[in-house]
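Participant: any chance you can model this:
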Amino acid sequence: LPNRALFEDRLDRALAQARRDGTKLALLCLDLDRFKNVNDTLGHPSGDELVRLAAARLVAAVRDIDTVARLGGDEFAIVQVGIWDEQDAERLATRIATEFAMPFELFGDQAFVTVSIGISISQGNASTREDMLRKADIALYEAKSQGRARYRLFAGDMDDVVRQRRAIERDLRAALAQGGDIKAVYQPLFANDGSRIVGAEALARWDHPVHGALSPQLFSAIELERGLIEQL
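Facilitator: Residues are numbered from 1 along each chain as shown. Have a look, this model is predicted:
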C-alpha cells in the first residue's frame, strides 16, 4: 500500500481535482480495534498477518480510483474521490464494517477484529490536507471513545470537545504536579443486610479552581489515555 508520503501526495492531488471538478472527496482514517491484544496474545507475526489481511479487505471495499494507504502500525487511510455528499462516504464505511465482521484466519487461529473510522468531507477551496486529516482524526477519536467498531463523521461541535479535553488534560497535569486540588474520598461498603459497614472504596475527586467539582467521567478517561493514572 502507499505509505504516508505517497498518501499525502495523492490527497493533495485529489483535493486539487475536486476543486476543478466541483465535486467532493472523503477522507477516512481507520484504526484496527484492540490490535495490541492480537500482538500480545498471538504474537507479532500474527499481528503482521492481520495488517496484511486488513489491507486486502480495505482494497476490496473501494474502487480502483480511490486510494488505500497505510500510515503506520494498524493505522490506515482512504481517499474516496468523486463523491457528491456524505452518504457516499457513509456507505463505504458501512461496507468496510461488513467486511471486518468476518473473522481473520491467522496461522490456524481465528481473530475477530473490528475497525473504527473517522470521516471528513472536503469543503471546496476551504479544505486543505492538514485540515482534512485533523478533522478525520477527531472523528476517529470520537468513534473510539463511543465504543469502537463504528464510524463517525466530523461535526463542528467535535472541535469544541477536543479543545475542552485538551484544557482538562493541561489543568489535570498541573493539579497532579501541585497536589492540592485532587483529594481522596471514601464511599462506604455495607453488608448485604445494610446493618454495618464492611469496607470503603477510595475515589478521586477534583475540585477545579475555575469549574468547581468535576465529575470523574470528565477526567478518568484522560488519565488512562495519557498515562497519568499511576501519578494519580
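Participant: which outside residues touch the helix or strand hosting Arg166?
Facilitator: Using DSSP states H and E, Arg166 falls within helix 156-178. Residues from elsewhere that reach helix 156-178 (CB atoms under 8 Å, 6 or more residues apart in numbering): 135, 138-139, 141-142, 181-182, 206, 208, 214, 218-219, 222-223, 226, 228, 231-232. Bear in mind the C-beta positions are built from the backbone N, C-alpha and C, glycine included.
Participant: filter the residues you listed to the buried ones?
Facilitator: Buried members of the contacts of helix 156-178, scored by 16 or more other CB atoms under 10 Å, are 135, 138-139, 141-142, 181-182, 206, 208, 214, 219, 222-223, 228.
Participant: strand partners (parallel or antiparallel) of the helix or strand just after the helix holding Arg166?
Facilitator: On the C-terminal side of helix 156-178, the closest following helix or strand by DSSP H and E is strand 182-190. The strands beside strand 182-190 in its sheet (DSSP bridges) come out as strand 197-208 (antiparallel).
Participant: is Asp31 part of a helix or strand, or is it coil?
Facilitator: Classification of Asp31 using DSSP: H, G, I helix; E, B strand; the rest coil returns strand.
Participant: verify the contact between it and Lys144 for me.
Facilitator: Yes: here Asp31 reaches Lys144: they are 6.9 Å apart, a contact under CB atoms under 8 Å.
Participant: most centrally placed residue in this structure?
Facilitator: Tyr141 (3.1 Å; CA atoms, centre = their mean).
Participant: tally of neighbours for the residue nearest to that one when sequence neighbours are not counted?
Facilitator: Among residues not flanking Tyr141 along the chain, Gly118 sits closest, at 7.0 Å (CB to CB, 6 or more residues apart in numbering). Look at Gly118: counted by other CB atoms under 10 Å, it has 27 neighbours.
Participant: which strand or helix spans Gly118?
Facilitator: Per DSSP H and E: strand 115-121 holds Gly118.
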